[in-house]
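J.: Any chance you could fold what I've pasted below:
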Amino acid sequence: MIRKAIIPAAGYGTRTLPITKVLPKEMLPICGRPALDYIVEEAIRSGIEQILIVVSRSKNMILDYYDRSVELETYLEEKDKKHLLKEISLPNVHIQYVRQSYARGLGEAILLGKQFVGNEPFAVMLPDEVILSHEKQPLKQLIDMFTEVNGNIVGVKKMDPTQLKNYGVIQPKRLKNAQFQIKDIVEKPQISPPSDLAVIGRYVFNPAIFAYLENVKPDVGGEIQLTDAIKAMAKDYTSYGLEIEGKCFDIAKMSEYIKLINYIWDSKEG
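T.: Sure thing, here's the model as predicted:
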């Protein structure tokens with residue numbers, strides 16, 4: 001059973017400047033809710049009981065959002081607007097935080113969750129990727145596969161070859177249906193990607209991943225890459241990819257951010 005999830009949210013949001021100079025990209029509004037709220041909801045619906053959000057010093061807005069506003073609650077009660085209280089109710093999940101003092105890569109952000117995780121398998125959810133499914137929750141798809149194979153699971157999707165240079169890409173060995181064994185994984189291949197299956201921000205890991213993260217050498221930009229740890233661990237433990245069923249939107253791309261808003265709005269209108 002996967003009870004814990006880490007949500008890394010300490011990045012600078014450089015792909016969405018200038019608004020992310022003052023507004024965390026995780027708080028970008030999507031039909032009246034911040035993007036992060038869709039990730040938290042997916043976690044809860046997938047059975048997650050505890051969430052660790054990795055934040056930076058400039059992300060206090062996230063902490064404020066997932067805290068009570070007694071003043072606002074009192075105002076709504078006094079002004080006969082109690083029906084709005086449900087709009088600001090907190091999610092039914094334990095949320096805690098840790099600060100990443102300097103953004104040194106996704107791998108370091110996850111490493112900060114070592115004590116939080118302990119010896120349990122756990123999930124990682126990147127808030128850049130909002131994935132919507134009318135069937136099973138995207139993270140739940142990975143969790144169900146983990147219970148079957150008991151190995152690292154990486155969520156993937158087929159992507160246009162011109163976009164693969166922006167993602168981690170797996171070299172797959174097909175097992176059944178949408179399941180693959182990971183033979184190799186390459187971070188942002190500029191030429192000759194090993195497949196058209198790109199990693200899309202949902203993972204389930206065995207806690208042994210932390211030992212590999214601790215041994216990863218910083219890249220040329222000084223960052224600890226999660227991909228390097230997955231690659232190293234796949235040599236010792238069988239690791240898997242799962243093609244996630246659902247519509248995926250990278251909210252750091254303005255075109256996909258707008259598509260997401262329109263998709264949700266059209267779903268509500270319909």
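J.: Going by C-alpha atoms from here, please, whenever you check contacts or count neighbours.
T.: OK.
J.: Show me the strands in this structure, by range?
T.: 4-8, 29-30, 33-34, 50-55, 94-99, 122-125, 129-132, 153-158, 168-176, 179-187, 197-205, 240-243, 247-250 (DSSP state E).
J.: Out of those strands, which is closest to D80?
T.: strand 33-34 (23.2 Å; CA to CA).
J.: strand partners of that closest one, parallel vs antiparallel please.
T.: strand 29-30 (antiparallel) (DSSP bridges).
J.: quick one: pLDDT of G270?
T.: G270 is assigned 52 on the pLDDT scale.
J.: Kindly report the same for N150.
T.: 88.
J.: So for it, what's the nearest residue that isn't a sequence neighbour?
T.: Nearest in space to N150, with sequence neighbours left out and distances taken as CA to CA, 6 or more residues apart in numbering, is N206 at 7.9 Å.
J.: quick one, what contacts the one you found?
T.: For N206, the contact set (CA atoms under 8 Å, 6 or more residues apart in numbering) comprises E120, P121, F122, N150, G151, N152.
J.: The residues you listed, buried ones only, as a PyMOL selection?
T.: Of the contacts of N206, the buried ones can be selected in PyMOL as follows, counting by 16 or more other CA atoms under 10 Å:
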select buried, resi 121+122+150+151+152
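J.: Quick check: closest non-adjacent residue to Y66.
T.: Closest to Y66 by CA to CA, 6+ apart is L90, at 6.4 Å.
J.: Surely that neighbour and L63 touch.
T.: No: L90 is beyond contact range of L63, at 11.7 Å (criterion: CA atoms under 8 Å).
J.: that older thread, for P34, state which of the contacts of N206 is nearest.
T.: F122 (23.9 Å).
J.: If the closest one is in a bridge, with which residues?
T.: F205.
J.: check contacts around it.
T.: Contacts of F122 (CA under 8 Å, 6+ apart): I2, R3, K4, A5, I6, V204, F205, N206, P207.
J.: The second one: neighbour count?
T.: For R3, the tally of surrounding residues (other CA atoms under 10 Å) stands at 17.
J.: Which pLDDT value belongs to it?
T.: Value for R3, per-residue pLDDT: 97.
J.: who touches P29 in this structure?
T.: By CA under 8 Å, 6+ apart, the neighbours of P29 are A35.
J.: Now stretch 146-157 - C-alpha only, PDB.
T.: In PDB, the C-alpha atoms belonging to stretch 146-157 read as follows (Å, rounded to 0.1, in the frame of the first residue of the first chain):
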ATOM      1  CA  PHE A 146       3.400  -1.500  -8.200                       C
ATOM      2  CA  THR A 147       1.400  -4.000  -6.100                       C
ATOM      3  CA  GLU A 148       1.700  -6.400  -9.000                       C
ATOM      4  CA  VAL A 149       5.400  -6.100  -9.800                       C
ATOM      5  CA  ASN A 150       6.900  -4.500  -6.700                       C
ATOM      6  CA  GLY A 151       9.400  -2.400  -8.600                       C
ATOM      7  CA  ASN A 152       9.900   1.300  -9.500                       C
ATOM      8  CA  ILE A 153       7.100   2.500 -11.800                       C
ATOM      9  CA  VAL A 154       7.600   5.600 -14.000                       C
ATOM     10  CA  GLY A 155       4.600   7.100 -15.800                       C
ATOM     11  CA  VAL A 156       5.100   7.700 -19.500                       C
ATOM     12  CA  LYS A 157       3.200   8.700 -22.600                       C
END
